[in-house]
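Peer 1: pasting the sequence and the predicted coordinates here, then a few questions.
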Amino acid sequence: MEGAKQRGQKGFRTELAGHLFKYTAAISYRKLKRRITNTHVSKPYIKALQKVGEMGIPSLPESQNFGLPVATNTKPDVLLLKFIRDVHKDLHTKTPKLLALTTDIPSVSFPIYNNTICAEIHELLLELLSRYEQAVVDLYALSTGERPNNYASKFYRILVPLHTFGYGLLKLARSQTFQLHMEHIGPLLDRVQQYNIDPFQSGVPEGSQLEPEGEELEVEAELQSVLSLNEDKEGTQKTPAKSYIGWLRLTVAHFDAIEIVMNYVMSDKFTHNYIAVTNLVSPLSSKALYPWDKLLKNEQYFPTTDPLDPSSSTTNDDILNFLQEIMPKATKAKKLSSAAQAASEAWKDGQPQQAYKKMNEIMNLGDEDVKEIAKSVRTQLNSWPRSNGDVITKGIKDLHKRLHPLPPGNHFFSSLEKLEFRGALHCEICLASLVDMATKPGTSTSNYADVLSKLEVIIHSVIPFLPNPYLVCYANSLLDE
């Protein structure tokens, strides 16, 4: 692909981005599908957004911005308006108010989010999610089934809408317009609890037999790991809006790489005439699924000591013992939290018998810190309606405050209970680890010291164009086919 020679030509940037976008989708369609169709994280988020749309978007004052600072970088919102201008004829959603803003974009005053466009933004979001998911599913079905004679042409025809709607989601996810919208509907997202949706936990509606298994559980752990970054410094969970923004950005995170390459190639710092894009393919992996504890014991995959710090006293057995000890505690905490949440909802909905059952569950789990509270509430519920409702309400609120929500890290440790892996490490993880090692002083006797010292020039020239390496670690599954 040509860089400095042609970057000044009209339409070159758009054409280059289109090629890279389609290439990324064609290479990564399996992971794209696993993210957008994940039963235990993505589907509850999408269903919650749909329910909010059914409930109707409430009005808001014209000047309300939810305390968010006015964005100094309006480019994401400008690109969102240009996307609407260019593809509105292909959309089922009618956005006359948004479309009116696209007639003279340079004169638009930002932020654009207000009472006149909030409903249009929500309908646009739902359509982009639906049509992007359909395109990804169609591409996966075509690529994994029996290939027809016109496979290449069909493959490309599906890439076109995937490119269109994936690009739209990427621009929407980055815009301040989307941030303001999610802040606006945050209270409604809380209310969808009445529809048995809990987007902030990985569970499914009570009574469902669905359980994450295999690859599905891997993706759930991956998504939950990224969403757990949405916490305050004190460790408390941020608003629903933050979780939804993080989820959408993760859903289209593969396409962030395109922006990174584009910004680098189109900048004045890039003085070369050509660039080459190479896909780093992971080595072939076994089809076997390994429980995490057996995988950790396998010296073929994990070194028994730290190669960069021979003096380290931490062994694989130490790590394994810690995880084996913390996993049942995390699982128990998750069950307690779910029971406390269910009891709170049942009591609010006028279902004392369901709340009574949840008190039994909490007591049977044998947590000494809350056992007496649960016992007292259960006693009151057992004699309802003759008992004191205020006492029950206070007891349930106390339990809920103590047990819900869980610390974000708990989701990871509790997921180890049934977690099994297959695959090989992604290249991003290896690169991120190199960055970490090269920026820390190593031992003079390390076999890698000489190699790592040569990375310093590369790191200082490349890192400014890369996202946070630790975010990359979270945003890409550790293990894949």
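Peer 2: Now that the structure is in, tell me what you want to look at.

Peer 1: just the strands in the stretch 201-350 of the chain please.
Peer 2: Here the stretch 201-350 of the chain has its strands, by DSSP state E, counting those that start in this stretch, at 290-291.

Peer 1: can you map out the helices along it?
Peer 2: Applying DSSP state H, counting those that start in this stretch to the stretch 201-350 of the chain gives helices spanning 214-227, 240-251, 256-265, 292-297, 316-348.

Peer 1: looking at these, which is closest to Ile27?
Peer 2: Nearest to Ile27, of all those, is helix 256-265, at 10.6 Å by Cβ to Cβ. No exception for glycine: its C-beta is placed from N, CA and C like everyone else's.

Peer 1: what's the angle from that closest one to helix 240-251?
Peer 2: Using axes from the mean of the first three to the mean of the last three Cα atoms, to 10 degrees, the inter-axis angle of helix 256-265 relative to helix 240-251 is 70 degrees.

Peer 1: output helix 256-265 as CSV, restricted to C-alpha atoms.
Peer 2: What follows is helix 256-265, C-alpha atoms only, in CSV (Å, rounded to 0.1, in the frame of the first residue of the first chain):
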residue,chain,number,x,y,z
ASP,A,256,-9.1,0.3,16.2
ALA,A,257,-6.0,-1.1,14.6
ILE,A,258,-7.0,0.4,11.3
GLU,A,259,-7.1,3.9,12.8
ILE,A,260,-3.6,3.3,14.3
VAL,A,261,-2.1,2.3,11.0
MET,A,262,-4.0,5.1,9.1
ASN,A,263,-2.8,7.8,11.5
TYR,A,264,0.8,6.6,11.2
VAL,A,265,0.9,6.2,7.5
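
Peer 1: what packs against that helix?
Peer 2: If you count contacts as 3 or more Cβ pairs under 8 Å, 6 or more residues apart in numbering; DSSP states H and E, helix 256-265 packs onto helix 12-36.

Peer 1: if you count neighbours, what's buried in the helix it packs on?
Peer 2: With burial defined by 16 or more other Cβ atoms under 10 Å, the residues of helix 12-36 counted as buried are 12, 16-18, 20-22, 24-26, 28-36.

Peer 1: what's the angle from that helix to helix 256-265?
Peer 2: 160 degrees.

Peer 1: following helix 12-36, which helix or strand comes up?
Peer 2: Sequence-wise, the next helix or strand downstream of helix 12-36 (DSSP states H and E) is helix 42-55.

Peer 1: domains of this protein?
Peer 2: Following automatic domain parsing, one gets these domains for the chain: 12-265, 328-415, 422-481.

Peer 1: now the ones you listed in CSV, with distance to Thr315 and mean pLDDT?
Peer 2: Conversion of those to CSV gives the following (distance: least, Cβ to Cβ, whole Å; pLDDT from 0 to 100):
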stretch, distance to Thr315, mean pLDDT
domain 12-265, 24, 81
domain 328-415, 20, 89
domain 422-481, 18, 45
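
Peer 1: need these in CSV (columns: distance to Phe322).
Peer 2: Formatted as CSV, the domains of the chain follow (distance: least, Cβ to Cβ, whole Å):
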stretch, distance to Phe322
domain 12-265, 18
domain 328-415, 10
domain 422-481, 18
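
Peer 1: and the ones you listed: which comes nearest Lys297?
Peer 2: domain 422-481 (16.3 Å).

Peer 1: so what's the residue count around the residue lying closest to Asp90 once chain neighbours are set aside?
Peer 2: Using Cβ to Cβ, 6 or more residues apart in numbering and skipping residues adjacent in sequence, the residue nearest Asp90 is Thr164, 6.9 Å away. Neighbour count for Thr164, taken as other Cβ atoms under 10 Å: 21.

Peer 1: mind checking the end-to-end distance for stretch 76-95?
Peer 2: 18 Å (Cα to Cα, to the nearest Å).

Peer 1: tell me which residues are up against that stretch.
Peer 2: 71, 98-99, 101-102, 105, 108, 110-112, 117, 120, 123-124, 126-127, 164, 167-168, 171-172, 174-177 (Cβ atoms under 8 Å, 6 or more residues apart in numbering).

Peer 1: try 6 Å this time
Peer 2: 98-99, 101-102, 105, 110, 120, 123-124, 127, 164, 168, 171-172, 174-177 (Cβ atoms under 6 Å, 6 or more residues apart in numbering).

Peer 1: drop anything exposed from those.
Peer 2: Here, 16+ other Cβ under 10 Å leaves 98, 101-102, 110, 120, 123-124, 127, 164, 168, 171-172, 174-177 buried among the contacts of stretch 76-95.

Peer 1: thinking again about what came up before, ok, now how distant is the residue nearest to Asp90 from Ser130?
Peer 2: Thr164 is 13 Å from Ser130, where distance means Cβ to Cβ, to the nearest Å.

Peer 1: same thing with Lys97?
Peer 2: In terms of Cβ to Cβ, Lys97 sits 21 Å off from Ser130.

Peer 1: give me every residue that touches Thr24.
Peer 2: So, once contact is read as Cβ under 6 Å, 6+ apart, Thr24 ends up touching His254.

Peer 1: still on that earlier bit, ok, which of the domains of the chain comes nearest Lys294?
Peer 2: domain 422-481 (12.4 Å).

Peer 1: quick one on the thing from earlier: out of the helices of the stretch 201-350 of the chain, which gets nearest to Pro187?
Peer 2: helix 240-251 (8.6 Å).

Peer 1: tell me the helices and strands packed up against the closest one.
Peer 2: With contacts defined as 3 or more Cβ pairs under 6 Å, 6 or more residues apart in numbering; DSSP states H and E, helix 240-251 has these neighbours: helix 176-184, helix 186-191, helix 214-227.

Peer 1: pull the CA atoms of that helix into CSV?
Peer 2: Taking Å, rounded to 0.1, in the frame of the first residue of the first chain, the C-alpha atoms of helix 240-251 are listed here in CSV:
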residue,chain,number,x,y,z
PRO,A,240,-24.1,1.6,33.7
ALA,A,241,-23.2,4.1,31.0
LYS,A,242,-19.5,3.4,31.5
SER,A,243,-20.0,-0.3,31.2
TYR,A,244,-22.1,0.0,28.0
ILE,A,245,-19.5,2.4,26.4
GLY,A,246,-16.7,0.0,27.3
TRP,A,247,-18.7,-3.0,25.9
LEU,A,248,-19.4,-1.3,22.5
ARG,A,249,-15.8,-0.2,22.1
LEU,A,250,-14.6,-3.7,22.8
THR,A,251,-17.1,-5.2,20.4
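
Peer 1: and it, which residues are buried?
Peer 2: In helix 240-251, counting by 16+ other Cβ under 10 Å, buried: Pro240, Ala241, Lys242, Ser243, Tyr244, Ile245, Gly246, Trp247, Leu248, Arg249, Leu250, Thr251.

Peer 1: now the angle from that helix to helix 176-184?
Peer 2: 140 degrees.

Peer 1: helix 240-251 versus helix 42-55: what angle between them?
Peer 2: Following the same axes, to 10 degrees, one obtains 130 degrees for the angle between helix 240-251 and helix 42-55.

Peer 1: I figured Gln380 hits Asp390, correct?
Peer 2: No. Applying Cβ atoms under 6 Å as the test, Gln380 and Asp390 come out as separate, 9.9 Å apart.

Peer 1: looking at those two, which is more packed in?
Peer 2: Ranked by neighbour count (other Cβ under 10 Å), Gln380 and Asp390 place Gln380 first, with 22 against 9.

Peer 1: any idea how far that one lies from Ile392?
Peer 2: 5 Å.

Peer 1: repeat for His19
Peer 2: With Cβ to Cβ as the criterion, His19 and Ile392 are 63 Å apart.

Peer 1: now do the strands in the stretch 351-481 of the chain.
Peer 2: Counting by DSSP E, counting those that start in this stretch, the strands of the stretch 351-481 of the chain are 420-421, 424-425, 479-480.
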